[in-house]
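> Need coordinates for the following:
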Amino acid sequence: MKVSVAGTGYVGLVSGVCLAEKGHEIICIDIDPVKVDKINQGIPPIYEDGLEDLLKKNIGQSLSATTNLRQAVLDTDISLIAVGTPFDGNEIDLKYIKTVARQIGEVIKDKTTYHTVVVKSTVVPGTTDEVVLPILEEASGKKAGVDFGVGMNPEFLKEGEAIEDFMYPDRIVYGGVNDKSIQVLQELYAVFEGVDQLATNCRTAEMIKYTANSLLATMISFSNEIANLCTSTGGIDVTEVTRGVHLDKRLTPILEDGTRIVPSFTTYIEAGCGFGGSCFPKDVKALIAYGKKQGNSMQILDSVIAVNEKQPARLITLLQKHYPDLKGVKVAVLGYAFKPGTDDIRESPALPVTQTLLDAGAVVQGYDPIAQHEAQKVFGEGTVTFCPDVDTAIAGAQAIIIITRWAEFKALPEMIASLDPQPVVIDGRRMLDKHSVAIYEGIGL
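A predicted model of the protein is given here:
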């Protein structure tokens, strides 16, 4: 199929590149000519594991990028809207969605062939039917479901694993306003053989996305609340608690031969310093706001956010057990990406932790293998000293705080073994053996 993708951010670019790899003809659209030029040169404007290789492979073949939305829509059968939907504190901001929908509608007005418009951005239930569809009809002067199709197709991509998730999905969900819209989406995803596909209405497709993310966020905050209780009680290590919980065969099934299956979702039932990124915080808050508008107080999700917002401060509390006054204390902060495999620092626990350290007068040396350039944009000159590697970051440090679970940080015990005096190691992800360093502090210990 010939597909245009409006928006070349995280979702749009990954979707476009992967659909091209699957054999479709893709045109990516963005208003930023610099970004478009980079994409056409095979240079991804974002970091995502495996993205650059696929982009280089397909660009100029089945994939191209342009600033010309009109021509892209005229030349394709289906348009995916994958622009940002930021949360302003009260609701998601639909200005980008509305703008693109109007622009596409104006092109549909002049098209003689059937065109289908699909919302891929994360939007609250009712947005496709009540916002996007009317704009398309008004701009085109045509009737949705008769003259053109409208659908909703949420993404389920984990940053750092997005290429793998898209190319080998566990499910594909799409909604449509009529049978023909559904059929177009079924044709688009026919190349994904053997994958469970759920066809529904747009409203349900929108709710599935929010429910999925809110469930995972809830598991994280639940685990962190238990971890904090373990700390307060004393004599309990939350990693042993969760290990005991994970052995429940309903969570980790046992096959007939005795082999135990450990599903990846169990990683969400582990203690840490909180979740971040572009999805969980925004989506949970958006669903809370949406629920309240519908007259439903979202008490559980309110608590999920409350627990998460307080969790980074737990690292500072652990540090102050050893250095009550942080002024002049040299602290190495390891990891600024909200998770490994990405350069996304949005809502990363590292941001409030670093700011608290700076406000307290600590001397901060930071390091991240991928996201460092993004962190430097947040903290100006004369604040954090960003280092080229782990060795430089921990040099002379009195305390080391691990915030991102980058694999290279597993070597930390060996790296500091010969230091005298030994630094305090505060493990915000419980990724190290608590006995592997001389002075260890961890969430839920």
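> Help me confirm that Pro281 is found in a helix?
Yes. Membership of Pro281 in a helix is supported by DSSP: H, G, I helix; E, B strand; the rest coil.
> My read is that it contacts Phe275, right?
Yes. When contacts are counted by Cβ atoms under 8 Å, Pro281 is listed as touching Phe275 (7.0 Å). Every residue, glycine included, has its C-beta placed from N, CA and C.
> which one of the two has more residues nearby?
Neighbour count, other Cβ atoms under 10 Å: between Pro281 and Phe275, Phe275 has more, with 25 against 22.
> That one reaches Met219, doesn't it?
No. Counting by Cβ under 8 Å, Phe275 stays clear of Met219, with 9.8 Å between them.
> contact partners of the one helix or strand Ile300 maps to?
Assigned by DSSP states H and E, Ile300 belongs to helix 299-310. With Cβ atoms under 8 Å, 6 or more residues apart in numbering as the test, helix 299-310 has contacts from 214, 217-218, 220-221, 224-225, 274-275, 281, 284-285, 287-288, 291.
> List the ones among those residues that fall in helices.
Of the contacts of helix 299-310, the ones assigned to helices by DSSP state H are 214, 217-218, 220-221, 224-225, 281, 284-285, 287-288, 291.
> List the residues that are in contact with both of Pro281 and Phe275.
217, 308, 347.
> ok, the first one - contacts?
To tie it back to what came earlier, the one meant is Ala217. Contacts here follow Cβ under 8 Å, 6+ apart; on that basis Ala217 touches 275, 280-281, 283-284, 301, 304, 308.
> so which of those residues comes closest to Gly84?
Asp283 (12.8 Å; Cβ to Cβ).
> Would you agree that closest one is in contact with Thr122?
Yes. Counting by Cβ under 8 Å, Thr122 is a contact partner of Asp283 at 6.2 Å.
> Looking at the two, which has the bigger crowd around it?
Neighbours per residue (other Cβ under 10 Å) separate Asp283 from Thr122, with Asp283 holding more: 25 against 22.
> In contact with the residue lying closest to the more buried one once chain neighbours are set aside, which residues are there?
Leaving aside its chain neighbours, Asp283 sits nearest to Asn213 (4.4 Å; criterion: Cβ to Cβ, 6 or more residues apart in numbering). Asn213 makes contact with 279-280, 283-284, according to Cβ under 8 Å, 6+ apart.
> mind checking how far Gly274 is from Ala411?
24 Å (Cβ to Cβ, to the nearest Å).
> Let me see the ranges of the strands in the stretch 301-445 of the chain.
Secondary structure of the stretch 301-445 of the chain (DSSP state E, counting those that start in this stretch): strands at 330-334, 363-367, 385-386, 399-402, 424-427, 439-442.
> Please state the offset of the third one from the chain centre?
Okay, so that is strand 385-386. Taking the mean of its C-alpha atoms, strand 385-386 sits 25 Å from the chain's own mean (Cα atoms, centre = their mean, to the nearest Å).
> how does this structure divide into domains?
2-200, 212-302, 313-442 (automatic domain parsing).
> Alright, I will stop here.
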